[in-house]
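> got a sequence here, can you model it:
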Amino acid sequence: MSFMAKLFLSLSLFIFFATYSFSQTYYLQAQKRDFFQNNNWVGKDSHQYVYTTNGQIALNTYITYDSINSMWEQNTNSLYTYDVNADLINLLIQKWNGTAWLNNKQYNYTYDNNHNTLSITFQSWQNAQWVNTGRILQNAYVGNLSSQVVNQVWVNNAWQSISKEDRQITANKIQYSENYIWDNSLQVWKKVDRKYFQYNQDSVASITYSIPDTSNNWVLDKRTLNTYSSSPFVMTESLNQIYDITNQTWIHKNRTSFLHTSSGKVSEIQSEIWNGMWTPTSKNNIQYDTQDSLAEMLLQLYQNGSWLSTEKFNYEYLNQLKSAYRHYQNINTAWVEIENTFYTYNNNKLLTYTISNIESMGTLKPSYQNFYYYTSSVGVNTFVDKSETLTLYPVPCQNKIWIQNNFVTNEPIELRVYNIEGKLFKKIIQNSNAQQDIEIATDNLPQGIYNILVLQNSKTYHTTFSKE
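You can find the predicted model right below:
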């Protein structure tokens, strides 16, 4: 499959899924994945999400299933912190060591007054402290584009630049960019490549690449030329050429041409190579149904002067609550279905379940399934402080578990206990008593791993525990 075919297939799958897109008022609360092994569904992993009150993700807990011991195990926490402008300022990654969450790495973000990213600093947790490892600096913004991007690493307690990209920006478009790497021995920036951009309206019409010669001067290397139709405004051809320095002329290398429907959707992608003449290599034919939704994509190879169909992908919209994707291969001139995926949606058109089957020994057999769970409300405070953690004992628990009481005395607290699928098992509201820890009965909870949230005033606390 050609690069353009793979790209279009990825976009097609995105469009296919987006036919039943998520509503803005619903949030993915949990996702659980199972694999089919030995004629049984076995847990693989799960993600559980917590959001701020304005709908930004505050926490992503990743849990994996230990099939040997038949139990869910905590794996990774990703905690997101935002400033008063709702810009992400910290992403903290924690790993579970069997008894507690341990810091692993973090990303710190800074912004200018227009919310453009100025820096991203990477740190790792070493010997009970944060240690710099690398950072990206974005300088001199013109509109929402930075004129320079610098990559640095932390060496000998100082920042050392390793690469950079300088850009010339006009009318919120990159006119050219130059990439350099730092030669530490010579203490100079060494040229890598230069790219010149030309535009047709807001789309890239051409990219011309230059590289340094032995005298460190920029010389032409290759270019991509994109052609567009006027009505509708769509790309009709992308041509790649290399530069012959000796003869100072451009030589064709390959090209991709596009046909479109009257509504502007791609109906054919054909790739060709230049060998003194244009020779076809592959073609993708795309069909749509009466609702103008993607129905089929056929992949063909050009061999011995004719087109050979090799693969096809069918997309079915069974009803508003179900759809399907099927992948076929041409085996001995017959279409054989090698994999498929079925999608189920709820009445809000939210994806709730998928099941995939893969061909094995001539038969389609279950491979994996995904469950999706949603919430229509977000009750976590907008500004989540990553330091607000809970201390629980005993872990794992059996009939009861206690939360060490570090809360504000005589102020109401709300406790919520969720399983890994996002189902709410307990919700308790009570006043905090500084004289005693908080007791939670767990005797009615099935064995497994649970997330617990505690909300008091403007703070949100979170951790997980396991029930034996």
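> what's the burial count for Arg255?
19 (other Cβ atoms under 10 Å). Bear in mind the C-beta positions are built from the backbone N, C-alpha and C, glycine included.
> excluding its backbone neighbours, what's nearest it?
Excluding its sequence neighbours, the residue lying closest to Arg255 (Cβ to Cβ, 6 or more residues apart in numbering) is Leu239, at 4.4 Å.
> ok, that neighbour to Asp221 distance?
Per Cβ to Cβ, to the nearest Å, Leu239 is found 15 Å from Asp221.
> out of these two, which sits in the busier spot?
Between Leu239 and Asp221, counted using other Cβ under 10 Å, Leu239 has the larger neighbour count: 19 against 16.
> which helix or strand contains the more buried one?
Assigning secondary structure by DSSP states H and E places Leu239 in strand 235-244.
> what is whichever helix or strand comes after that strand packed up against?
Once the chain leaves strand 235-244, the next helix or strand it forms, by DSSP H and E, is strand 249-260. Applying 3 or more Cβ pairs under 8 Å, 6 or more residues apart in numbering; DSSP states H and E, one finds that strand 249-260 contacts strand 235-244, strand 266-274, strand 278-288.
> closest one to Phe197 among these?
strand 235-244 (14.4 Å; Cβ to Cβ).
> what residues sit buried inside that closest one?
Neighbour-count burial for strand 235-244 flags 235, 238-241, 243 (criterion: 16 or more other Cβ atoms under 10 Å).
> which of these sits closest to Leu424?
Met235 (48.7 Å).
> the closest one: what's it in contact with?
Contact analysis of Met235 by Cβ atoms under 8 Å, 6 or more residues apart in numbering lists 203, 226-228, 258.
> closest to Ile89 among the residues you listed?
Closest approach to Ile89 among the contacts of Met235 (Cβ to Cβ): Ser203, at 34.1 Å.
> look up which residues are beta-bridged to the closest one.
On the basis of DSSP bridges, Ser203 is bridged to Asn200.
> all helices of the chain, in order?
For the chain, the helices defined by DSSP state H cover 3-18.
> which stretches of it have low pLDDT?
Within the chain, the stretches with pLDDT under 70 are 1-24, 377-390, 408-409, 420-422, 434-435, 457-460, 462.
> ok, back up a step: between the strand holding Leu239 and strand 249-260, what angle do the directions make?
Counting by axes from the mean of the first three to the mean of the last three Cα atoms, to 10 degrees, strand 235-244 lies at 170 degrees to strand 249-260.
> picking that back up, so which of the contacts of Met235 wins on neighbours?
In terms of neighbours by other Cβ under 10 Å, the contacts of Met235 top out with Phe258 at 20 neighbours.
> what bridges to that residue?
Ile269.
> residues of stretch 342-354 that come out buried?
Neighbour-count burial for stretch 342-354, with 16+ other Cβ under 10 Å as criterion, is recorded at 342-345, 350-351, 354.
> among those, which lie within strands?
342-345, 351, 354 (DSSP state E).
> which single one of these is nearest to Lys195?
Lys195 lies nearest to Leu351 out of those, by Cβ to Cβ, at 38.6 Å.
> from Thr133, how far off is Ile181?
Taking Cβ to Cβ, one finds Ile181 at 19 Å from Thr133.
> the buried residues of stretch 342-354: which two are farthest apart?
So, the buried residues of stretch 342-354 by Cβ to Cβ: farthest apart are Phe342 and Leu350, at 15.8 Å.
> next one: the residue nearest to Arg255 from Trp278, what distance?
10 Å.
> mutual contacts of those two, please.
Common contact partners of Leu239 and Trp278 (Cβ under 8 Å, 6+ apart): 252, 255.
> from what I can see Asn370 touches Leu28, true?
No: with contact defined as Cβ atoms under 8 Å, Asn370 does not count as touching Leu28 (11.3 Å).
> give me the number of residues near Ile63?
22.
> how about it: what's its closest non-neighbour residue?
Leaving aside its chain neighbours, Ile63 sits nearest to Ser46 (4.6 Å; criterion: Cβ to Cβ, 6+ apart).
> what's the answer for Leu299, then?
Glu311 (4.3 Å).
> again, but for Leu259
Using Cβ to Cβ, 6+ apart, the nearest residue to Leu259 is Glu268, at 4.0 Å.
> what pairs with the strand holding Leu239, parallel or antiparallel?
Assessed with DSSP bridges, strand 235-244 is paired to strand 218-228 (antiparallel), strand 249-260 (antiparallel).
> can these go into a markdown table with extra columns for distance to Trp154?
Listed next are the strands paired with strand 235-244 as a markdown table, based on distance: least, Cβ to Cβ, whole Å:
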| stretch | distance to Trp154 |
| --- | --- |
| strand 218-228 | 32 |
| strand 249-260 | 41 |
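> quick one: which of those is nearest Tyr374?
That would be strand 249-260 among the strands paired with strand 235-244, by Cβ to Cβ, at 36.0 Å.
> what does the closest one contact?
2, 4, 222-223, 229, 232, 234-244, 266-274, 278, 281.
> just want the angle from that strand to strand 278-288.
20 degrees.
> buried set for strand 249-260?
Across strand 249-260, burial judged by 16+ other Cβ under 10 Å covers 250, 252, 254-258, 260.
> same question, stretch 296-313
296-302, 309-313.
> and the residues you listed, which is closest to Thr76?
Phe313 (33.3 Å).
> surely that closest one is in contact with Tyr325?
Yes: at 6.8 Å, Phe313 counts as touching Tyr325 under the criterion of Cβ under 8 Å.
> on that earlier part again, okay, the contacts of Met235 in CSV with distance to Ser67 next?
Converted to CSV, the contacts of Met235 look like this (distance: Cβ to Cβ, whole Å):
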residue, distance to Ser67
Ser203, 49
Asn226, 50
Thr227, 54
Tyr228, 53
Phe258, 46
